[in-house]
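Novice: pasting the sequence and the predicted coordinates here, then a few questions.
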2 protein chains.
Amino acid sequence: MLAYIKDLYAGLKGPTEALEGKEVTVRGLVKSNRDNKTVGFLWVSDSSCFDAIQVVYDPAKFSDVQKLRLGASVEATGTLALTPNMKQPFEIHLTKAVVTGQVADDYPLQKKKTSFEFLRTLPHLRERTNTFNAVFRVRSELSYAIHEYFHEHGFFYVHTPILTGNDAEGAGQTFQVVADPKDPKEYFGKVATLTVSGQLHVEPFALTYQKVYTFGPTFRAEKSNTQRHAAEFWMIEPEIAFADIDDDMDLMEDFLKTVVRRVVERCPQDFKFFETWISKDVATRLDHMLNKPFQRVDYSEGIAILKDAVAKGHKFDNPDIYWGLDLMSEHERYLTEQHFKGPIFLKNYPKEIKAFYMKQNPDGKTVAAVDLLFPDVGELCGGSQREEDYGKLLKRMEELHMNIPAYQWYLDTRRFGGCVHSGFGLGFDRLLMYITGLDNIRDVQPYPRTYKDMAF
Amino acid sequence: MLAYIKDLYAGLKGPTEALEGKEVTVRGLVKSNRDNKTVGFLWVSDSSCFDAIQVVYDPAKFSDVQKLRLGASVEATGTLALTPNMKQPFEIHLTKAVVTGQVADDYPLQKKKTSFEFLRTLPHLRERTNTFNAVFRVRSELSYAIHEYFHEHGFFYVHTPILTGNDAEGAGQTFQVVADPKDPKEYFGKVATLTVSGQLHVEPFALTYQKVYTFGPTFRAEKSNTQRHAAEFWMIEPEIAFADIDDDMDLMEDFLKTVVRRVVERCPQDFKFFETWISKDVATRLDHMLNKPFQRVDYSEGIAILKDAVAKGHKFDNPDIYWGLDLMSEHERYLTEQHFKGPIFLKNYPKEIKAFYMKQNPDGKTVAAVDLLFPDVGELCGGSQREEDYGKLLKRMEELHMNIPAYQWYLDTRRFGGCVHSGFGLGFDRLLMYITGLDNIRDVQPYPRTYKDMAF
């Protein structure tokens, strides 16, 4: 029978034991191959899980197997043997092998340690190395856990458009999309850009379906070459009706704890690898995510704490703390790492530093915005209650000199049976960086696209 | 307690009965409201399922409810009453109402029958009408069923890039992406286009993870204004290693039957609506999909059948049938509707009319390509076994004068432990059109983008 290595590990206390002495077939890529004259050891990975399987063979009988090199593709059949006293819990004793794909001499992934930077030039091959094999498996599991969570909780998935005539926040550089560079507006009859957020387009669906989300690619044409910015990245944007900022925070916390817990449970070997080889912080990060309550703190309280810290002698690079300040990373880190010692929701920000669509609080100064801040990394996601009052929303858009006619459809949702509603945006790739410990966004995306860099 | 209407219907033989006489709260949009002097009937939809709920009220006591018009947003609390002898199985007797959002006089969705064409100008509102409310609910359920199927079957989800330097098939017009229209190549250092297919980028992942898929937006800049073409649409592209064209057909058939069956089971009220109000063909189409085996027919056999039909007097608009012909819709329909009376896999096409990456058969003339053809609509998806032989693939690419250096990475996957592998591409929106009976792609996409048409 054909077996996936994941199933063999998962069934160790059950079906796998029953396979002892039975014939199984595994398929995959050669991870290593060595032999002495009497016995050979071939490690095969099928990427169904992190761990590979050892295939034991007789070099005299399987000379073609003896010649297999790292990266070759093989189908190996043999009897399963339980080896409870060895490092690996089971192995296969080879009876038949088919070499399904040889590997050329210039195969660039050799046993020697290669840098992540070098591997970024090989997006078609690096997923065969331990690190990237684990990362993209976890990426897939995390994606699924997200869809699963929303489906279980009655959310509808909305494919908001990638091509758009509206720019969600006005912020961030956008890419233009043209069919004919000589006549950019010809195809759509107007300037088309790549979406920077699905929020504005998903809001009307929330007012109808009550619980909706988008999960798809978004784009920023920023010319910054940081470890955390990419031109193309995936965003998760839930939007909920009959829900205020407290409901929004409840959702963020339950959502994050649930999906991360599931992925950790489903990929135990991968997380063991990340903790051991990528970052010692992974265990702490997961503990913060899974076991710490996300404390809820007003922006004004945050400012008071920071002022107090300065007064007590804490040295910030930017020590000028005042109400209205757009907090910098060092300030956020002080709050999460030094003061609250865990994740916090910082909420009710000055309206001047937040987006036009956010709910204006009765104080006339703040909006019902919230950022979720984590020790170590800072902001992981941000959300807000939305301004559902037509007059207030229009006034704010006018203050900001926005193009009102272009947004009339959005404004109209406030006149046609709107209600209190909220939502948030979460950068999928950054969440993946957080839980894997990888610190460069290029290392969690299959084919990263950044300024001046797009390998095929 | 807060109740979703879907749960009340789903629990009719269980928990819902236990709620009789208990207080429940529903939230949603007003579908209709009428009253005589003594009793009022307010229908509220929360879009959790197709059906709404009737809220019965006393107009003298609830004058604000009496004034509610179509499209207003409301939160209604009352006692649940089972009404087994009425058309609807239960209703709510109102005790408390909160008007959560009024509706302005110029609300464009009035009771009178409106055309789909008019509704396309209102993508932020049309999902409140019966048809679109059902369509986008089913769109979400179908998306989830797809992720669910692949996850259950051990597939990994790969986010292939939207921005690309490679164009999958050379076919189809592509959109260019520029940060600065005055210097189109500046941002990435080369021409960047929007992907037309994730296949080439997902193949390397299949060679590693064995079972993978993409599911994301793809783009074509064709200037055709048909009912079946959009500039932006979602594609599903699974890719499987150690799998030939027969395995590929097995996957297509099992995949389609499984996901469609689940959606039909999960959205029974919606499919009843589609059958009754959108197209009488829906029942037949679902029967073809779910209950008919997909017969497997060689292209050469198909040509022989068509020649025979012409000989027997069948009149085609294009009666010149010869081996090598790229079949037209009328030919495909003859095969499925007249001859086989059901869906067919047509396979092993002449290599000249198929893509460069397809497996060249030993006959030297054909490739292991397959199209899945359905009565009524024609091709629903297409796939192929991929050419895994480096020399043959290179020779074919040279014959077609392709830019070999740009594809060297792709070619290399044939030198570095490649294996027999296959895959297919399925247009998600077209599948949704097929099962809902809607015949315009603009009516199954939340915000359709087509030539000369992009409403915000």
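Specialist: Yes, it's here. Residues are numbered from 1 along each chain as shown, chains lettered A, B, ... in the order given.
Novice: tell me the contacts of A:His151?
Specialist: Neighbour list for A:His151: A:Tyr157, B:Tyr144 [criterion: Cβ atoms under 8 Å, 6 or more residues apart in numbering or on different chains]. Heads up, the C-betas are built off the backbone N, CA and C, glycines and all.
Novice: sorry, wrong one. I was asking about A:Phe205.
Specialist: A:Phe156, A:Val158, A:Val212, A:Glu239, B:Glu127, B:Phe136, B:Pro446.
Novice: among those residues, which lie within strands?
Specialist: A:Phe156, A:Val212, A:Glu239 (DSSP state E).
Novice: ok, back up a step: may I see the PyMOL selection of the buried members of the contacts of A:Phe205?
Specialist: Here is the PyMOL command that selects the buried residues among the contacts of A:Phe205 (16 or more other Cβ atoms under 10 Å in any protein chain shown):
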select buried, (chain A and resi 156+158+212+239) or (chain B and resi 127+136+446)
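Novice: a markdown table please, covering the contacts of A:Phe205 and showing pLDDT.
Specialist: Output for those, formatted as a markdown table (pLDDT from 0 to 100):
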| residue | pLDDT |
| --- | --- |
| A:Phe156 | 98 |
| A:Val158 | 98 |
| A:Val212 | 98 |
| A:Glu239 | 98 |
| B:Glu127 | 98 |
| B:Phe136 | 98 |
| B:Pro446 | 98 |
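Novice: out of the contacts of A:Phe205, the closest to A:Gly427 would be?
Specialist: Nearest to A:Gly427 among those, counting by Cβ to Cβ, is A:Glu239 at 16.4 Å.
Novice: in the sheet, who's paired with that closest one?
Specialist: Counting by DSSP bridges, A:Glu239 forms beta bridges with A:Val212, A:Gly423.
Novice: ok, it - contacts?
Specialist: With contact taken as Cβ under 8 Å, 6+ apart, A:Glu239 is in contact with A:Gln199, A:Val202, A:Glu203, A:Phe205, A:Ala206, A:Val212, A:Tyr213, A:His421, A:Ser422, A:Gly423.
Novice: closest one of these to B:Gly101?
Specialist: Proximity of the contacts of A:Glu239 to B:Gly101 (Cβ to Cβ) peaks at A:His421, which lies at 9.8 Å.
Novice: surely that closest one is in contact with A:Ser384?
Specialist: No: look at A:His421 against A:Ser384 with Cβ atoms under 8 Å: they stay out of range, at 10.1 Å.
Novice: could you pull out the helices for the stretch 1-150 of chain A?
Specialist: For the stretch 1-150 of chain A, the helices defined by DSSP state H, counting those that start in this stretch cover A:5-10, A:15-18, A:63-66, A:116-119, A:130-152.
Novice: what do you get for the stretch 301-450 of chain A?
Specialist: Secondary structure of the stretch 301-450 of chain A (DSSP H, counting those that start in this stretch): helices located at A:329-333, A:390-399, A:408-412, A:428-436.
Novice: show me what the longest one packs onto, helices and strands only.
Specialist: Contacts defined by 3 or more Cβ pairs under 8 Å, 6 or more residues apart in numbering or on different chains; DSSP states H and E place helix A:390-399 against helix A:408-412.
Novice: centre of the chain to stretch A:309-322, how far?
Specialist: How far stretch A:309-322 lies from its chain's middle: 33 Å, per Cα atoms, centre = their mean, to the nearest Å.
Novice: element containing A:Ala206?
Specialist: Element membership for A:Ala206, per DSSP states H and E: helix A:199-209.
Novice: quick check, the residue in the stretch 251-400 of chain A closest to chain B?
Specialist: Taking Cβ to the nearest Cβ as the measure, the stretch 251-400 of chain A has A:Glu388 as its residue closest to chain B, at 7.3 Å.
Novice: what comes up buried for stretch A:233-252?
Specialist: Using 16+ other Cβ under 10 Å as the test for burial, stretch A:233-252 gives A:233-245, A:247-249, A:251-252.
Novice: compute the first-to-last residue distance for that stretch.
Specialist: Terminal residues of stretch A:233-252 lie 20 Å apart, using Cα to Cα, to the nearest Å.
Novice: please list the residues of the stretch 201-350 of chain A that sit near chain B.
Specialist: Counting by Cβ under 8 Å from any Cβ of the partner chain, the stretch 201-350 of chain A comes close to chain B at A:201, A:204-205, A:207-210, A:216-217, A:219, A:221, A:223, A:231-232, A:234, A:241-242.
Novice: same question, the stretch 351-456 of chain A
Specialist: Residues of the stretch 351-456 of chain A lying near chain B (Cβ under 8 Å from any Cβ): A:388, A:406, A:409-410, A:412-413, A:415-420, A:445-447, A:449, A:451-456.
Novice: tell me who's in contact with the residue lying farthest from the centre of chain A.
Specialist: Distance from the C-alpha centroid of chain A, by Cα atoms, centre = their mean, peaks at A:Ala60 (47.9 Å). With contacts defined as Cβ under 8 Å, 6+ apart, A:Ala60 is in contact with A:Lys37.
Novice: return the distance of it relative to chain B.
Specialist: 25 Å (Cβ to the nearest Cβ, to the nearest Å).
Novice: what's the answer for A:Ala52, then?
Specialist: Distance of A:Ala52 to chain B, given as Cβ to the nearest Cβ: 13 Å.
Novice: the residue lying closest to A:Lys354 once chain neighbours are set aside bridge partners, please.
Specialist: In space, not counting the residues next to it along the chain, A:Lys354 is nearest to A:Ala369; the distance is 4.6 Å by Cβ to Cβ, 6 or more residues apart in numbering or on different chains. Following DSSP bridges, A:Ala369 is listed with bridge partners A:Ser384.
Novice: pLDDT score assigned to A:Ala369?
Specialist: Each residue has a pLDDT score; the one for A:Ala369 is 98.
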